[in-house]
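Student: just coords:
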């Protein structure tokens, strides 16, 4: 929902020219949704870190089980066997998904900031034009 709302606002901005007041309203909305998205991104970063730890835990768990059944087996062989365990493979897939989501949200936030910057520039230009036009109309 958060990403969708930001996308919707960016699409509306991109759709065409806007007057000063509608741009200010769009910028306010996008800034608020960007703030909410950044809070969600923080949670996703935490989940990515936890998924990394879970993968490492599954590997260690598999090595401990292998060591218990054969204490003479070489560590590098146990590590290679652990990487083939279904629980480790599943944890690795979860880690990849979490990292991907984290990176997607980071890039989305970066580009939302770029759009906000573009809006600020456009608002500045329109405000300057409005002031200049106002003064020009007073002098005529």
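Tutor: Okay, I see it. What you are looking at is a predicted structure, and each value in this text was computed from that prediction instead of being measured.

Student: helix or strand: which one has the spatially most central residue of the chain?
Tutor: Computing the C-alpha centroid of the chain and ranking residues by CA atoms, centre = their mean puts residue 105 first, at 1.2 Å. Counting by DSSP states H and E, the element that carries residue 105 is helix 86-139.

Student: ok, the residue nearest to the centre of the chain to residue 27 distance?
Tutor: Distance, residue 105 to residue 27, by CB to CB, to the nearest Å: 21 Å. C-beta here means a position set from N, CA and C on the backbone, and glycine is covered the same way.

Student: can you list the weak-confidence ranges in the protein?
Tutor: Confidence mapping of the chain against pLDDT under 70 gives the ranges 134-140.

Student: before we move on, back to that, OK, contacts around the closest residue to the residue nearest to the centre of the chain other than its chain neighbours?
Tutor: Among residues not flanking residue 105 along the chain, residue 41 sits closest, at 4.3 Å (CB to CB, 6 or more residues apart in numbering). Contact partners of residue 41, counting by CB atoms under 8 Å, 6 or more residues apart in numbering, are 102, 105-106, 109.

Student: pick out whichever of those sits closest to residue 22.
Tutor: Using CB to CB, residue 109 is the member of those that lies nearest residue 22, at 23.5 Å.

Student: and the closest one, how many neighbours?
Tutor: 17 (other CB atoms under 10 Å).

Student: element containing the residue nearest to residue 105?
Tutor: helix 20-69.

Student: what helices and strands are in contact with whatever helix or strand comes next after that helix?
Tutor: Next along the chain after helix 20-69, taking DSSP H and E as the criterion, comes helix 75-83. Under the contact criterion of 3 or more CB pairs under 8 Å, 6 or more residues apart in numbering; DSSP states H and E, helix 75-83 touches helix 20-69.

Student: check the offset of the helix it packs on from the chain's centre.
Tutor: Here the centre of helix 20-69 is set off from its chain's centre by 8 Å, with CA atoms, centre = their mean, to the nearest Å.

Student: cool, and stretch 69-78?
Tutor: Once both centres are worked out by CA atoms, centre = their mean, stretch 69-78 turns out to sit 41 Å from its chain's centre.
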